[in-house]
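*Asks:* sequence and predicted structure, then a few things I'm wondering about:
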2 protein chains.
Amino acid sequence: MSFDPTSLIYNDAGLIPAIAQDEHTGEVLMMAWMNAESVVRTLETHRVTYWSRSRQSFWVKGESSGHVQELVDFRVDCDRDCLLVVVRQTGPACHTNRRSCFYTSVQSGEEVELMAPMV
Amino acid sequence: MSFDPTSLIYNDAGLIPAIAQDEHTGEVLMMAWMNAESVVRTLETHRVTYWSRSRQSFWVKGESSGHVQELVDFRVDCDRDCLLVVVRQTGPACHTNRRSCFYTSVQSGEEVELMAPMV
């Protein structure tokens, strides 16, 4: 079946969550949002392109930092309201310079930091 | 630092996205939503508990199907607006009986099904 980006389910703001996963380690790197045009651009360029809600503009991941995400696999979930992009990540995915944005764990009621910024 | 569920960033509906990842395979299984009370219940019971937007009620994953998710690790992202729950998954995570909800891949403009329902 041919893929139609408008067949995805977007929220009231026209956005769909996209989870980025590292192709090699399987690590979940981050979650951000895409609109239909981000989806098209990501598939066409193989450069993962989100929609920045704060800046209200396209966000080609790594465009300024160099920490780009090359698209390896583009997946759609059963409800068509969430995406999973498997990526080849250059450098850290997180703006704090950590490999993953999910670097804090809650253990016995305490927040524990699991990874340090990359140098 | 002590973890306070009210310190998370919820959307206008009081919800935060939660990504479930298989502890053994690293596979991303599903994404669903939690409210503050879901977060509390998940941490207290170690049974992953979402908020069902369609039913507007707590959704103890697997309560009816038996396909429960036992909490192994509970992570918070850098912006505190997304969760990652690492889980011990019993049976398929997807309501279609597939291991993961992300069973469709977009390849050269076509949708390709990557996994069959579990039997």
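*Replies:* Thanks, I have the structure now. Residues are numbered from 1 along each chain as shown, chains lettered A, B, ... in the order given.
*Asks:* I'd say A:Gly66 and A:Thr90 touch.
*Replies:* Yes - between A:Gly66 and A:Thr90 there is a contact under C-beta atoms under 8 Å: 6.7 Å. C-beta: built from backbone N, CA, C; applies to glycine.
*Asks:* show me which of the two is the more surrounded one.
*Replies:* Using other C-beta atoms under 10 Å in any protein chain shown as the criterion, A:Gly66 and A:Thr90 rank with A:Thr90 on top: 14 against 8.
*Asks:* ok, now which ones touch the more buried one?
*Replies:* Shown in contact with A:Thr90 (C-beta atoms under 8 Å, 6 or more residues apart in numbering or on different chains): A:62, A:66-70.
*Asks:* 6 Å instead?
*Replies:* A:67-68 (C-beta atoms under 6 Å, 6 or more residues apart in numbering or on different chains).
*Asks:* identify the residue nearest the residue nearest the centre of chain A in space, chain neighbours excluded?
*Replies:* Chain A has A:Ala20 as the residue nearest its centroid, 3.8 Å off, counting by C-alpha atoms, centre = their mean. Excluding the flanking residues, the one nearest A:Ala20 by C-beta to C-beta, 6 or more residues apart in numbering or on different chains is A:Leu29, at 4.5 Å.
*Asks:* so which residue of chain A lies furthest out from the middle?
*Replies:* Chain A, farthest from centre, C-alpha atoms, centre = their mean: A:Ser108 at 28.9 Å.
*Asks:* do I have it right that A:Glu70 meets A:Val86?
*Replies:* No - counting by C-beta atoms under 6 Å, A:Glu70 does not reach A:Val86; the two are 10.0 Å apart.
*Asks:* more neighbours: these two, which one.
*Replies:* Higher neighbour count among A:Glu70 and A:Val86: A:Val86, with 20 against 16, using other C-beta under 10 Å.
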